[in-house]
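J.: Got a predicted structure plus its sequence, pasted below:
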Amino acid sequence: MKLFGSALILFLAGLPLAADPIAYVMVSSSPTGALIRASSDWSSINTIAPIANALGLGKDLSGNYLVTTASTLLRVTPTGTVTTVATAPAGPATGWIAVAADSLGNFIVVDNVQHAVWRISPAGNVVKVANYPVVDASVNEDAYILVNASGNYLVLEDNVVTVQMYSITPAGNVTMIGLSGASATSVSGLIPDGTGNYLFASFRDDSVFRVTPAGVVTVFAHDGTQICCNVIGPARNPNTGELFLPTNGGSVLRVNPNGTFVNTVAPSGPLLNNLQSVVAETYGALPHLTVGNVWTTGFFVVNIGDLPAQFSVSFYDNSGALVAIPFPTPIGTVSTYQGTVPANGMTYVEASNPSAPGPVSAWGLISSDPNITIQALFRRQTDGTYYEAAVGASAGSFAFTLPFDATTFAPTGEPLYTGFALANLDPVNSATVSCTGADQNGVAISNAVPLPIIGPLGHYANYLFPALTGLRGTLTCSSNTKIGALALRAIGNATISTLPVIVQ
């Protein structure tokens, strides 16, 4: 990439992921419950928003969370803003126990009191689609729902210890899918398994089951000691194939991709009590974006799953305020780029504004279905020539190390620069980041890179660090909040390349 003038203009984006970007979001069913997010290794568990008596959990097409109570559908942004989408009609009681979104942006809710499926429009209009038959209508079953690749609603329920599966069309036609094979007596969760089939857990059977679209049931994992205790979920990490099953009592279980090994990855704790539902998602950052004037930024969004998948990227400025980025019609100038990617498909869009007096700088907060991968592509036009670089997203971390080189490039005599950008993924707390420097012999560098406090969802980028001039070495940084970080190296004001960010 060529950089104009004598000043180095950083166009920082995410580096190849140095950590698993998968996060797990859960809700608690208690009166003092909350929507919480856990990192992929379960070492970081934080509250997104307090929500009382939550039952179901899903995501909309914009990457927001959908949470149901018995009679209410709530929307929660990734940063914790809660709004009410709809309330059940007055009349018979409802039990809105689970929720999914269809490709049109509607919210599909399953009701275990009326034994029904409801469709709620993005504007909040509520329509009952159909009732499904149960063994005993006076009993409230566990029930889960997803929207399959055909756009039909797949319901799995366990009324009176009898597991049944139904396919319901948007027009309300109900078809029972006869189950055969292994016998399950309870249902907890319903998710794609990555191969065209589905997985669900059963606390009564101490098992995880696989079911095909035709209704053939097999045991995926069984352990009478550990898969117990009112398991919820499961959620699946598409990068590893592992399953994670939170329990109502608070611990979290991990199941190997082949179903043969189970262990506890998170012990019981205050935030994990009374868990009810769980989803896996990709959660991370493009730590710096530049759009406008000679700069363009393209976004590749790839879906490796066998169902359509949703994503969103919200843009924030240095202060942590939402900032609008110019996209082509019909997207327009928006502070959140969002959409749905077809099964096994991809989408690409380029943000630009050549007539702008200067570029807009920001970072992007990614929230998406777990099968989604997002990468940024940067182009800069200089003297009629376009230069570009493509880099991926950052999963965020609390500590990292990166190499730096602030010497001289011998063949041309041009100075070498190392720049980096930080994005604070925490929507509530400011990030206090401290970095220590050492030269290539490990000798400490005094006051190597003094950094300001980065506000909630704030951002910092720089490349001018006088204390590093003439040296090569490493920078090791730590933060009290999770931050997305990246680094790159430039030769003078022209060639530029990425540097590794080594997560600790």
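T.: Done, it's in. Numbers count the residues shown, from 1 in each chain.
J.: and the nearest residue to residue 335 once chain neighbours are set aside, what does it touch?
T.: Leaving aside its sequence neighbours, residue 335 sits nearest to residue 322 (C-beta to C-beta, 6 or more residues apart in numbering; 4.1 Å). (C-beta placed from N, C-alpha, C; glycine too.) For residue 322, the contact set (C-beta atoms under 8 Å, 6 or more residues apart in numbering) comprises 314-316, 335-336.
J.: Then residue 59?
T.: Going by C-beta under 8 Å, 6+ apart, residue 59 touches 65-66, 101, 279, 281, 310, 367, 369.
J.: Going along the chain, name the strands of the stretch 1-150 of the chain.
T.: Assigned by DSSP state E, counting those that start in this stretch, the strands in the stretch 1-150 of the chain fall at 22-28, 34-38, 45-50, 56-59, 65-68, 72-76, 82-87, 96-101, 107-111, 116-120, 126-131, 143-147.
J.: Serialize these to TSV and add fields for distance to residue 177.
T.: Shown next, in TSV, are the strands of the stretch 1-150 of the chain (distance: least, C-beta to C-beta, whole Å):
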stretch	distance to residue 177
strand 22-28	28
strand 34-38	32
strand 45-50	35
strand 56-59	21
strand 65-68	24
strand 72-76	26
strand 82-87	28
strand 96-101	17
strand 107-111	15
strand 116-120	15
strand 126-131	15
strand 143-147	13
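J.: Excluding residues flanking it in the chain, which one is nearest residue 369?
T.: residue 309 (3.8 Å).
J.: ugh, wrong one, residue 445
T.: Once flanking residues are discounted, residue 445 sits nearest to residue 437: 3.6 Å by C-beta to C-beta, 6+ apart.
J.: Now for that neighbour, how many residues are close by?
T.: Residues near residue 437, counting by other C-beta atoms under 10 Å, number 21.
J.: What pLDDT is listed against it?
T.: Looking at residue 437, its pLDDT is 96.
J.: Pull up the gap between it and residue 150, please.
T.: Look at residue 437 and residue 150: by C-beta to C-beta, to the nearest Å, they are 57 Å apart.
J.: Please apply the same query to residue 292.
T.: Look at residue 292 and residue 150: by C-beta to C-beta, they are 42 Å apart.
J.: quick one: which of those two has more around it?
T.: Between residue 292 and residue 150, counting by other C-beta under 10 Å, residue 292 is the more crowded of the two (20 against 9).
J.: The more buried one is in contact with residue 361, isn't it?
T.: No: if you go by C-beta atoms under 8 Å, residue 292 and residue 361 don't touch, sitting 9.0 Å apart.
J.: can you give me the end-to-end distance of stretch 492-504?
T.: Distance between the two ends of stretch 492-504: 30 Å, counting by C-alpha to C-alpha, to the nearest Å.
J.: what do you get for stretch 32-42?
T.: With C-alpha to C-alpha as the measure, stretch 32-42 spans 22 Å from end to end.
J.: residues in contact with it?
T.: Contact with stretch 32-42 is made by 19-28, 44-54, 57, 65, 67, 76, 80, 237, 252, 265-266, 271-272, 274, 276, 283, 395, 482, as judged by C-beta under 8 Å, 6+ apart.
J.: Mind listing what's buried along it?
T.: For stretch 32-42, a neighbour-count test (16 or more other C-beta atoms under 10 Å) marks 33-40, 42 as buried.
J.: what packs against the helix or strand bottoming out on mean pLDDT in the chain?
T.: Every helix and strand of the chain was ranked by mean pLDDT, DSSP states H and E. The lowest is strand 385-392, at a mean of 72. When contacts are defined as 3 or more C-beta pairs under 8 Å, 6 or more residues apart in numbering; DSSP states H and E, strand 385-392 packs onto strand 372-382, strand 496-499.
J.: ok, now with 7 Å
T.: strand 372-382 (3 or more C-beta pairs under 7 Å, 6 or more residues apart in numbering; DSSP states H and E).
J.: Off-centre distance for the strand it packs on?
T.: Centroid separation for strand 372-382 versus its chain: 20 Å, with C-alpha atoms, centre = their mean, to the nearest Å.
J.: Show me what it is packed against.
T.: Here strand 372-382 touches strand 275-291, strand 295-303, strand 309-316, strand 385-392, going by 3+ C-beta pairs under 7 Å, 6+ apart.
J.: Would you mind putting those strands into TSV with distance to residue 468 and mean neighbour count alongside?
T.: Shown next, in TSV, are those (distance: least, C-beta to C-beta, whole Å; neighbours: other C-beta atoms under 10 Å):
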stretch	distance to residue 468	mean neighbour count
strand 275-291	20	26
strand 295-303	26	21
strand 309-316	28	25
strand 385-392	22	15
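J.: Nearest to residue 346, out of those strands?
T.: Nearest to residue 346, of all the helices and strands packed on strand 372-382, is strand 295-303, at 4.4 Å by C-beta to C-beta.
J.: what's the domain layout of the chain?
T.: Here the domain assignment for the chain is 284-392, 397-503, based on automatic domain parsing.
J.: Any regions of the stretch 251-400 of the chain where pLDDT drops low?
T.: Residues of the stretch 251-400 of the chain meeting the criterion pLDDT under 70: 266-270, 390.
J.: hmm, back to that, any of the contacts of stretch 32-42 buried? List them.
T.: Buried residues within the contacts of stretch 32-42, counting neighbours by 16+ other C-beta under 10 Å: 19-28, 45-46, 48-49, 51, 53-54, 57, 65, 67, 76, 80, 237, 252, 266, 271-272, 274, 276, 283, 395, 482.
J.: Pull the least confident helix or strand of the chain out as CSV, backbone CA atoms only.
T.: C-alpha atoms of strand 385-392 as CSV (Å, rounded to 0.1, in the frame of the first residue of the first chain):
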residue,chain,number,x,y,z
THR,A,385,-3.0,3.9,-8.8
TYR,A,386,-4.9,1.9,-6.1
TYR,A,387,-3.0,0.1,-3.4
GLU,A,388,-4.7,-2.4,-1.1
ALA,A,389,-4.3,-4.7,1.9
ALA,A,390,-6.7,-7.3,3.3
VAL,A,391,-6.8,-8.2,7.0
GLY,A,392,-9.2,-10.0,9.3
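J.: Partner strands of the helix or strand just after it and their direction?
T.: Note on strand 385-392: by DSSP states H and E, the next helix or strand toward the C-terminus is strand 397-405. Using DSSP bridges, the strands paired with strand 397-405 are strand 472-491 (antiparallel), strand 502-503 (antiparallel).
J.: Could you check strand 397-405 and say which residues are buried?
T.: Under the neighbour-count criterion of 16+ other C-beta under 10 Å, strand 397-405 has 397-398, 400-405 buried.
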